[in-house]
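Chemist: Quick check, what structure comes out for this input:
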Amino acid sequence: MLITSLTGGIATGKSVVAQILKELGCSIYKADRVAHQLMEPQEPAWKEIIDHFGPSILKSDKTINRTKLGAIVFSNIEERLFINNLLHPLIFKKREEEIKKLNTEGYFKIFVSEAALTVEAGYVQFFDKIIITHCQENIQINRLMKRDQIDRNEALKRIDSQMPSEQKLKYADYDIDTSGTLEETIEQSEQVFRILMSDYENLGDHST
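Modeler: From the prediction side, this is the model:
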């Protein structure tokens, strides 16, 4: 398999591009979804988060209040580093297990890891190709405000907590600008998919 990363800033269209690539036949690994699973009650990450932040971070059903947790980590770099240092190695381990399983099954040619912090976490070297989504800042802000039901200041705080797109783009093998229409994003995604298929064909060993 060709092992690729789909990354980019918050609310820059990663999930939309991931869905398009999925429909084209790629295997999609959603790091956010895995992170949520790792934080379910009695999971190792859940226990460490409760030990660190205390029981006030819990809802009545013992699940973590992710809205409350998000408000904390986006406002405090030390707490954000704690969460990232806790979750990133666990997510990476799960991803490696998934790649191994898919390689054994031999069904997919392209594996896509959709994760916001691939570059920041230092995992670029583990991928054959890096795809980065980006868009105009005002569009990113408006998308994030609408998606998470937050005000502009909170949106800017979350965007500023990540590496700027122009800096992240230095790591891109391919980039997709989602500032335009959905049709334009689909067209760019399909073009990147065709290139990825060519990259797969050029792999020396299709089993890796």
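
Chemist: my guess is Lys22 contacts Lys30, does it?
Modeler: No. Counting by CB atoms under 8 Å, Lys22 sits too far from Lys30 to count as a contact (10.0 Å). Every residue, glycine included, has its C-beta placed from N, CA and C.

Chemist: What is the least confident helix or strand in the chain?
Modeler: helix 66-73 (a mean of 89; mean pLDDT, DSSP states H and E).

Chemist: Against which helices or strands is it packed?
Modeler: Contact partners of helix 66-73 among helices and strands, from 3 or more CB pairs under 8 Å, 6 or more residues apart in numbering; DSSP states H and E: helix 44-53, helix 77-105.

Chemist: Buried residues, that helix. List them.
Modeler: 69-70, 73 (16 or more other CB atoms under 10 Å).

Chemist: Distance to Gly8 for those residues - can I get that in JSON lines?
Modeler: Output for the buried residues of helix 66-73, formatted as JSON lines (distance: CB to CB, whole Å):
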{"residue": "Leu69", "distance to Gly8": "22"}
{"residue": "Gly70", "distance to Gly8": "19"}
{"residue": "Val73", "distance to Gly8": "19"}
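
Chemist: Tell me the one of these nearest Ser189?
Modeler: Gly70 (28.0 Å; CB to CB).

Chemist: just to revisit the earlier point, more neighbours: Lys22 and Lys30, which one.
Modeler: Set Lys22 next to Lys30 and count neighbours by other CB atoms under 10 Å: Lys30 wins out with 17 against 14.

Chemist: How about the contacts made by that one?
Modeler: For Lys30, the contact set (CB atoms under 8 Å, 6 or more residues apart in numbering) comprises 18, 114.

Chemist: Just grab the bridge partners of it for me.
Modeler: Counting by DSSP bridges, Lys30 forms beta bridges with Glu114.

Chemist: how near is it to Asp160?
Modeler: Separation of Lys30 from Asp160 (CB to CB, to the nearest Å): 24 Å.

Chemist: how about the residue lying closest to Leu203 once chain neighbours are set aside, what does it touch?
Modeler: Closest residue to Leu203 apart from its sequence neighbours, by CB to CB, 6 or more residues apart in numbering: Leu2 at 6.3 Å. Going by CB under 8 Å, 6+ apart, Leu2 touches 109-111, 128-129, 196, 199-200, 203.

Chemist: Kindly report the same for Gln136.
Modeler: Ser179.

Chemist: Isn't Val34 up against Lys94?
Modeler: Yes. Under the criterion of CB under 8 Å, Val34 makes contact with Lys94 at 5.2 Å.

Chemist: So which of these two has more stuff around it?
Modeler: Neighbours per residue, other CB under 10 Å: of Val34 and Lys94, the larger number sits with Val34, 20 against 16.

Chemist: Tell me which other helices or strands whichever helix or strand the more buried one is part of touches.
Modeler: Secondary structure from DSSP states H and E places Val34 in helix 31-38. Here helix 31-38 is seen to pack against helix 44-53, helix 77-105, strand 110-114 when contacts are counted using 3+ CB pairs under 8 Å, 6+ apart.

Chemist: Ok, which of those comes nearest Thr133?
Modeler: The nearest among the helices and strands packed on helix 31-38, by CB to CB, is strand 110-114 at 9.6 Å.
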